[in-house]
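*Asks:* Attaching a predicted model along with its sequence, questions to come.
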Amino acid sequence: MVHEMTEKELITIMIDKYTDLQRIKKANGDFNNPELDYQLRVIKNKLSALGIPTEEYEM
C-alpha cells in the first residue's frame with residue numbers, strides 16, 4: 001500500500017530538514033560552506049513556496 005504524504009507531513013519534514021541543516025552549520029562553524037548554504041537556500045525557498053515563514057526557525 002502506497003501512502004501519499006499530506007501537505008502537513010511534507011511541511012513538518014521540510015522544517016525538520018531546515019533546522020537540522022542550521023544546527024549542522026552552527027555546530028561545525030561552517031560559515032563559508034557553499035554546499036550547505038545552497039541546501040539551506042533551497043529548503044528555505046520550498047518552505048516559502050508553501051507559505052511557511054522561515055524566520056521563526058532561524059538560529
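*Replies:* Happy to help now that I have it.

*Asks:* Any regions of the chain where pLDDT drops low?
*Replies:* For the chain, the stretches with pLDDT under 70 are 30.

*Asks:* Find the residue at the geometric middle of it.
*Replies:* Tyr18 (2.1 Å; Cα atoms, centre = their mean).

*Asks:* ok now do that one, which residues does it touch?
*Replies:* Taking Cβ atoms under 8 Å, 6 or more residues apart in numbering, we find Tyr18 in contact with 40, 43-44, 47, 54, 57. Backbone N, C-alpha and C define where each C-beta goes, glycine included.

*Asks:* That one and Leu10: what is the separation?
*Replies:* For Tyr18, the distance to Leu10 equals 12 Å [Cβ to Cβ, to the nearest Å].

*Asks:* Buried residues of the host helix or strand of the residue nearest to the centre of the chain, list them for me.
*Replies:* Using DSSP states H and E, Tyr18 falls within helix 7-28. By neighbour count with 16 or more other Cβ atoms under 10 Å, helix 7-28 contains the buried residues 11, 14-15, 17-18, 21-22, 25.
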